[in-house]
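Undergrad: Could you look at this predicted model? Sequence included:
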Amino acid sequence: MAKCDRTPVETIAFDAGVLLGESQRVVDLVREYLVRSECKLLWKQSTYGRVFSLAALSHECMVLDQLNLGCRANFPTMIMGLLSRHHLETWLTGMYLLEGGSEALELFLGESRRSKEALHKKIKELQATGRAIDVPDPPCENNTWESKRWNLETVAKELERLGEGTGRVKGVLEAYHRVYRTLSGSHGGHPTHQVLDSYIDTTRGFAHILTEPQAHTLHRELLQWSTVLTASHAVLALGDLGLPTVEFSNTIQSLLPAKSA
């Protein structure tokens with residue numbers, strides 16, 4: 001199996017010192033805003049979408065914390081890839097709930113109901129055999145929305161379409177394919193690629209199995225994209241609540257151009 005040359009994307013990402021500071025600034029500012037009165041919304045059906053979107057924004061910051069730590073501690077690229085994929089999934093969810101209205105909310109809650117019903121069925125089966133397991137019910141567990149499937153690529157395409165109509169969201173499919181399909185998928189977060197591309201060396205006639213994956217340095221690239229995505233989410237979600245977002249916009253402008261050229 002011949003090894004493929006990889007583009008050294010890490011060499012074109014921003015310096016670690018810049019990225020670590022920008023990502024931490026975004027996280028700190030989002031968390032500062034989330035405890036303010038503007039983000040305390042009434043818990044009712046008309047606000048579900050925005051509440052869930054703010055929860056997604058908060059979760060993105062937790063993952064950004066881990067990506068920041070991974071960049072400092074030189075986590076394996078596989079771990080960074082998994083974190084970045086989780087971050088992008090959360091971002092797509094939160095942004096679609098913010099922009100997609102009732103259609104997005106119905107899809108989100110329908111997927112929640114479908115997956116939780118399947119989960120609770122398995123839990124009951126385990127409990128019946130004496131293997132106790134306890135998973136708390138999430139908000140809206142008893143909702144009446146029809147069970148649906150939440151497909152990330154479909155969500156990305158729909159969010160891109162909505163963005164073209166409103167001008168509020170841009171580059172969704174680029175982020176999806178770059179982060180989810182390319183960087184984290186082929187370089188780290190996809191186990192099939194890891195087995196085929198990272199642990200086998202066939203350049204010497206025999207298949208030599210490596211004890212550690214061949215390194216692909218993507219720490220800064222993944223941190224950079226995740227920081228830009230969370231900042232863009234903050235611009236819309238917090239800006240709509242009347243909170244100042246110029247610092248988030250500045251982060252986007254400072255980090256995004258070099259990656260979109």
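TA: Yep, that arrived. Here the structure is a predicted model, which means the values were calculated and not measured.
Undergrad: do you know how far Asp15 is from Glu22?
TA: Here the criterion is CB to CB, to the nearest Å. By it, Asp15 lies 11 Å from Glu22. Just so you know, the C-beta spots here come from the backbone N, C-alpha and C atoms, and that holds for glycine as well.
Undergrad: More neighbours: these two, which one.
TA: Taking other CB atoms under 10 Å, Asp15 and Glu22 do not tie; Glu22 has more neighbours (23 against 9).
Undergrad: Now the element after the helix or strand the more buried one falls within, going C-ward?
TA: Following DSSP states H and E, one finds Glu22 within helix 16-34. Counting by DSSP H and E, the next helix or strand C-terminal to helix 16-34 is helix 48-73.
Undergrad: Show me the helices in the stretch 151-261 of the chain, by range?
TA: Taking DSSP state H, counting those that start in this stretch as the criterion, the stretch 151-261 of the chain carries its helices at 152-166, 172-175, 184, 191-193, 219-239, 246-255, 257-260.
Undergrad: Show me the shaky parts of this protein.
TA: For the chain, residues meeting the criterion pLDDT under 70 lie at 1-9, 11, 135-144, 185-189, 193-194, 196-197, 213-216, 257-261.
Undergrad: circling back to that earlier point, closest one to Thr129 among the helices of the stretch 151-261 of the chain?
TA: Across the helices of the stretch 151-261 of the chain, Thr129 has its closest neighbour in helix 191-193 (29.5 Å, CB to CB).
Undergrad: buried ones in the helix or strand harbouring Lys122?
TA: Counting by DSSP H and E, the element that carries Lys122 is helix 101-128. Within helix 101-128, the residues scored as buried using 16 or more other CB atoms under 10 Å are 104-114, 116, 123.
Undergrad: Deepest in the core, which of the helices of the stretch 151-261 of the chain is it.
TA: helix 184 (a mean of 28; mean count of other CB atoms under 10 Å).
Undergrad: Quick one: list the elements packing against it.
TA: helix 77-99 (3 or more CB pairs under 8 Å, 6 or more residues apart in numbering; DSSP states H and E).
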